[in-house]
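Q: Turn this into a structure:
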Amino acid sequence: MPGNPFRTVWFYNSISGSVISEPALGDTIQAHLPGWHGPFGTKQEALDFYAQNRAAHPDWKAPTGFLGAVGNTVAKAAGAGWSLLWPGAGHFMLRLAEGVVGIAFLIIGLNALLKQSTGVSAGSVVKAVRP
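A: Predicted coordinates for the structure are as follows:
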């Protein structure tokens, strides 16, 4: 949807039922998050999108206000876990764990190199620097 990046665009969230507006500047980010559909030029277009697709997607939540959207989101998370809200959560946690282990190995390796070349471990350097 080309045009003025400061125009208002609308999104519908099929998980929570939220219908929100925001500057078009952020629409490329919002459109790629789980459950979000859009951008739409008007709020009515977002509501019409839900109406046209609800028969094919009976699990989609009806457009609702703020409290209804919060309730729908909490119920979905409690019923099925984070993977429905963020499908890549399992892969993300695996990559995060790999990163933490990798950093730990780097620290161990640097400590061994420092100890081998100088005879002083990184731990003793840290203790000497700390008051």
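Q: How is this structure partitioned into domains?
A: 8-86, 90-129 (automatic domain parsing).
Q: looking at the ones you listed, which has the lowest confidence?
A: The weakest mean pLDDT among these belongs to domain 90-129, with a mean of 74.
Q: Okay, helices next: where are they in this protein?
A: For the chain, applying DSSP state H gives helices covering 27-30, 43-53, 66-80, 82-85, 89-118, 122-129.
Q: Surely residue 9 and residue 22 touch.
A: Yes - between residue 9 and residue 22 there is a contact under CB atoms under 8 Å: 6.6 Å. Where you see a C-beta, it was placed from the backbone N, CA and C, and this is true even at glycine.
Q: who has more neighbours, those two?
A: residue 9 (24 against 15; other CB atoms under 10 Å).
Q: thought residue 6 was touching residue 22?
A: No - with contact defined as CB under 8 Å, residue 6 does not reach residue 22; the gap is 10.8 Å.
Q: about what we covered before: which neighbours do residue 9 and residue 22 share?
A: Common contacts of residue 9 and residue 22 (CB atoms under 8 Å, 6 or more residues apart in numbering): none found.
Q: Neighbours of residue 18, how many?
A: Neighbours of residue 18 (other CB under 10 Å): 22.
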